[in-house]
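Enquirer: Okay, predicted coordinates and the sequence, questions at the end:
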Amino acid sequence: MGDHLKRLNAPDSWHIAKKTTKFITKTAPGPHNANAMPITVWLRDHMGLARNMKEVKQILLQHDVVINGRPCRDPRMGIGIFDIIALPKINKYYRILRDKNGRHVSIVIDAEAAKTRLCKVKNKSIVHGGKVQLNMRDGSNLLADNTYKSGDSIVLSLEPETRFKIIDHFPFAVGNMAMIIGGKHSGKVARITEIVKMPGSVPNKIILDDESTGTKFETISPYIYIVGKKTPAIAQWGIEQ
């Protein structure tokens with residue numbers, strides 16, 4: 001049962017029916033963390049574009065599903081927050097976000113918005129030749145200069161000619177806009193008002209101002225995803241501003 005797991009044990013973020021069948025497709029090693037959802041589950045259980053694994057494989061073999069600018073052929077490939085999924089033959093485009101319950105949701109976007117992708121810099125490392133490598137939250141890596149810091153967000157082009165080119169940069173700093181991707185405030189977009197450094201290995205505490213309600217709340221730095229400076233460069237419902 002290496003390619004499957006019991007539906008009852010599937011992560012809650014997948015937001016699937018638990019008792020329809022006993023087993024469901026397991027995510028292959030790759031992008032994102034353990035909560036990454038297989039593209040099979042997205043096509044079949046979320047979008048209703050396939051009825052079974054056979055139809056999923058037929059769709060993928062025809063290169064009908066493009067994830068972050070690259071056709072997907074692995075039915076177990078994982079998708080996660082801020083991934084861009086394009087279905088070019090039917091002119092449909094989606095961005096994966098999280099709702100207030102921490103579940104994956106598919107936000108409809110237009111073709112122009114699907115040309116870029118927002119990524120969070122998890123950390124940096126020095127590779128052969130003294131070059132700086134940015135290690136992204138989803139597991140991807142990118143060579144860049146030393147301008148970018150851990151916690152920052154960068155906007156990458158998904159166009160074939162300029163794929164992985166950095167076209168914008170949102171620093172992890174007081175005054176910038178952030179989306180919360182975990183905890184009880186998941187799904188909110190608010191402005192960072194204070195970053196409280198915590199001792200040892202405890203995550204830093206972040207104080208934010210929800211300008212839509214005029215209230216303040218706090219969360220931890222791993223739940224922060226910078227989405228803009230003075231205003232969100234990407235709205236909560238997935239349409240570029």
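Expert: Looks like it arrived, so ask away. Numbering: from 1, shown residues only.
Enquirer: Walking through this structure, point out its helices one by one.
Expert: 39-41, 53-61 (DSSP state H).
Enquirer: give me the low-pLDDT residue ranges for the chain?
Expert: Applying pLDDT under 70 to the chain picks out residues 1, 235-241.
Enquirer: mind giving me the domain split of it?
Expert: As assigned by automatic domain parsing, the chain contains the domains 4-111, 116-170, 177-228.
Enquirer: got JSON lines for those, with distance to Ile234 and mean neighbour count too?
Expert: C-beta here means a position set from N, CA and C on the backbone, and glycine is covered the same way. Putting the domains of the chain into JSON lines (distance: least, C-beta to C-beta, whole Å; neighbours: other C-beta atoms under 10 Å) gives the following:
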{"stretch": "domain 4-111", "distance to Ile234": "8", "mean neighbour count": "17"}
{"stretch": "domain 116-170", "distance to Ile234": "6", "mean neighbour count": "15"}
{"stretch": "domain 177-228", "distance to Ile234": "5", "mean neighbour count": "16"}
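Enquirer: now the nearest residue to Asn91 once chain neighbours are set aside: how far from Lys165?
Expert: Closest residue to Asn91 apart from its sequence neighbours, by C-beta to C-beta, 6 or more residues apart in numbering: Ala111 at 7.2 Å. Distance from Ala111 to Lys165, counting by C-beta to C-beta, to the nearest Å: 18 Å.
Enquirer: So what does the residue nearest in space to the middle of the chain have for phi and psi?
Expert: Geometric centre of the chain, nearest residue: Ile81, 2.0 Å, by C-alpha atoms, centre = their mean. Dihedral pair for Ile81: phi -60, psi 140, per degrees, to the nearest 10.
Enquirer: distance between the ends of stretch 109-128?
Expert: The straight-line separation of the ends of stretch 109-128 (C-alpha to C-alpha, to the nearest Å) is 39 Å.
Enquirer: again but with stretch 18-34, I slipped
Expert: 18 Å.
Enquirer: Mind naming the longest strand for this protein?
Expert: Secondary structure assigned by DSSP state E gives strand 116-127 as the longest strand of the chain.
Enquirer: ok now it, how far from the chain's centre?
Expert: Mean C-alpha position of strand 116-127 versus that of the full chain (C-alpha atoms, centre = their mean, to the nearest Å) differs by 13 Å.
Enquirer: chain center to stretch 199-216, what's the gap?
Expert: That offset, for stretch 199-216, works out to 21 Å (C-alpha atoms, centre = their mean).
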